[in-house]
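Peer 1: Need coordinates for the following:
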Amino acid sequence: MDKGKRAKVEEEEGSELDAELVQAIEKLQEVQDELERVNEEASDKVLEVEQFYNEIRRPVYSKRNAIIHNIPDFWLTAFLSHPVLCDLLTEDDQKVFKYLESLDVEDFKDVKSGYSISFNFRTNPYFEDTKLTKEFRFSDDGSTSVSGTQPKWKDGMNLTNGVVAEKEGNKRGHQTEDRYELEALGVVGWRMPMGWYCGCRRS
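Peer 2: Below is the predicted model of the structure:
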């Protein structure tokens with residue numbers, strides 16, 4: 001076979017291979033799209049189950065809070081027993097948490113868009129509030145917006161020394177990682193606090 005014919009054959013074979021490759025990639029994309037649809041459906045089902053059990057958990061958490069109410073310094077002790085939380089709690093945090101009566105974490109209705117943390121305090125020498133709430137909202141771009149109740153400090157008892165640590169709508173990138181880690185781990189501690197309180201959990 002002369003060079004001209006050989007080149008033509010190779011060109012035809014190359015075209016066939018290119019067409020087969022394109023066809024294979026198109027089929028692969030179709031399968032990938034199908035898989036993504038299944039994954040989205042699975043995620044929706046998981047959220048439905050989580051929403052269902054959130055409603056079932058709610059009265060159980062209320063019952064637990066009623067019992068914890070009778071245990072002095074329960075939450076402070078539980079947090080100080082946590083191997084990471086204990087290093088993140090400042091002395092001022094500990095002063096305030098001595099008056100923490102109950103802690104409540106509640107997912108938003110759709111579960112995936114965020115959650116709120118409510119801190120319920122008994123009368124204390126630091127601020128007038130009996131309840132402080134913070135909300136964490138997750139955006140599609142991966143950022144987290146935070147808003148919360150600012151304490152109404154009593155005269156001369158402002159533990160922030162006049163510095164407001166967070167402003168309405170601030171995003172995570174503008175906050176200290178320690179503070180966010182403290183809050184995130186607080187959620188973990190809230191779900192299973194008895195182990196930490198009793199010193200039974202090591203990690």
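Peer 1: alpha carbons only for contacts and neighbour counts from here, please
Peer 2: Noted.
Peer 1: can you pull out the helices in this structure?
Peer 2: Remark: helices assigned in the chain by DSSP state H are 3-68, 74-81, 85-88, 91-97, 177-191, 193-197.
Peer 1: for the second one, packing partners?
Peer 2: Contacts of helix 74-81 with other secondary structure elements, assessed using 3 or more C-alpha pairs under 8 Å, 6 or more residues apart in numbering; DSSP states H and E, are made with helix 85-88, helix 91-97, strand 100-107, helix 177-191, helix 193-197.
Peer 1: buried ones in that helix?
Peer 2: In terms of neighbour count (16 or more other C-alpha atoms under 10 Å), helix 74-81 has its buried residues at Phe74, Trp75, Leu76, Thr77, Ala78, Phe79, Leu80, Ser81.
Peer 1: and what of the shortest one?
Peer 2: Applying a neighbour-count criterion of 16+ other C-alpha under 10 Å, one finds Leu85, Cys86, Leu88 buried in helix 85-88.
Peer 1: My understanding was that Phe121 contacts Thr130; is that so?
Peer 2: Yes - counting by C-alpha atoms under 8 Å, Phe121 touches Thr130, with 4.8 Å between them.
Peer 1: who has more neighbours, these two?
Peer 2: Phe121 (20 against 15; other C-alpha atoms under 10 Å).
Peer 1: Now for that one: which residues touch it?
Peer 2: Tyr99, Leu100, Glu101, Ser102, Asp129, Thr130, Lys131 (C-alpha atoms under 8 Å, 6 or more residues apart in numbering).
Peer 1: what's the spacing between Leu103 and Asn70?
Peer 2: Leu103 sits 14 Å away from Asn70, going by C-alpha to C-alpha, to the nearest Å.
Peer 1: Looking at the two now, which is surrounded by more residues?
Peer 2: The residue with more neighbours, out of Leu103 and Asn70, is Leu103; 20 against 10, by other C-alpha under 10 Å.
Peer 1: I'd like to know how far that one sits from Gly142.
Peer 2: 26 Å.
Peer 1: Same check on Pro83?
Peer 2: 28 Å.
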